[in-house]
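K.L.:
The sequence and its predicted three-dimensional model are supplied below.
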Amino acid sequence: MQTETIFDGYLCEICGQFHAGQYISLACDCPDPYTCLTENEKSRAYLGTDDCVIDDEHYVRGIIELPIVGLDVPFLWGVWGRVWKKDYDEFLEYYAFQGREQIIGPYKSRLCNRLPGYDLRTSNLKCTIKIQSLGKRPLFLIEEPEHPLAVEQRNGISLQRARTISALVRHKL
């Protein structure tokens, strides 16, 4: 999982230590099905920076934005979603196209990452992928309104909640 930090730091609720920085951007390096492949099985797969194919399954990388209440900067989850082959092909065709957000998408998808900090599973959640302008990753909108991740996407999270998620990722819980 890749991370980006801001702020000076925080006192970790898990280990009680002060951690420099504050994670506000956490990214899954690949879809979870790719992590389950053995080294030999990875020959059946392609993993790029923004797309992945495993056998006949197609994945696109994007972000879930969670507003942080009281701050101008959102908390970002970098995630992967499974899409239909025709949507994947279209995404690749317009990947480097200026104005692509006006031409392609949105796409129906299923989230393909288990995110720490949620009692209910996040993998396989229904979502819509909204294409953004060139240079920005697609935005994932959770379509299951009662799921805690969807609630946080709609209503935002506290800075303390962002710190809790950061601690869970830091300690790989």
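P.N.:
Perfect, I can see it now. Model, not experiment: these values are computed from the prediction.
K.L.:
residues of the lengthiest helix in the chain that come out buried?
P.N.:
Identified as the longest helix of the chain according to DSSP state H is helix 159-170. Within helix 159-170, the residues scored as buried using 16 or more other Cβ atoms under 10 Å are 159, 161, 162, 163, 164, 165, 166, 167, 168, 169, 170. C-beta: built from backbone N, CA, C; applies to glycine.
K.L.:
Just confirm the fourth one contacts residue 18, I think it does.
P.N.:
No. Between residue 163 and residue 18 there is no contact, the gap being 11.6 Å when judged by Cβ atoms under 8 Å.
K.L.:
Need the overlap of contacts for these two.
P.N.:
Taking Cβ atoms under 8 Å, 6 or more residues apart in numbering as the criterion, residue 163 and residue 18 both touch 10, 12.
K.L.:
re earlier: from the contact counts, what lies against the longest helix of the chain?
P.N.:
Packing contacts for helix 159-170, counted by 3 or more Cβ pairs under 8 Å, 6 or more residues apart in numbering; DSSP states H and E, involve strand 2-11, strand 18-27.
K.L.:
try it again with 6 Å
P.N.:
If you count contacts as 3 or more Cβ pairs under 6 Å, 6 or more residues apart in numbering; DSSP states H and E, helix 159-170 packs onto no helix or strand.
K.L.:
Next, the angle from that helix to strand 18-27.
P.N.:
Interaxial angle of helix 159-170 relative to strand 18-27 (axes from the mean of the first three to the mean of the last three Cα atoms, to 10 degrees): 80 degrees.
K.L.:
Just the CA trace of helix 159-170, in PDB.
P.N.:
Extracted in PDB, the C-alpha atoms of helix 159-170 (Å, rounded to 0.1, in the frame of the first residue of the first chain):
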ATOM      1  CA  LEU A 159      -9.500  14.000  11.300                       C
ATOM      2  CA  GLN A 160      -9.500  11.500  14.100                       C
ATOM      3  CA  ARG A 161     -11.100   8.900  11.800                       C
ATOM      4  CA  ALA A 162      -8.400   9.600   9.200                       C
ATOM      5  CA  ARG A 163      -5.800   9.000  11.900                       C
ATOM      6  CA  THR A 164      -7.400   5.800  12.900                       C
ATOM      7  CA  ILE A 165      -7.300   4.500   9.300                       C
ATOM      8  CA  SER A 166      -3.700   5.700   9.100                       C
ATOM      9  CA  ALA A 167      -2.800   3.700  12.200                       C
ATOM     10  CA  LEU A 168      -4.500   0.600  10.900                       C
ATOM     11  CA  VAL A 169      -2.600   0.800   7.700                       C
ATOM     12  CA  ARG A 170       0.700   1.600   9.400                       C
END
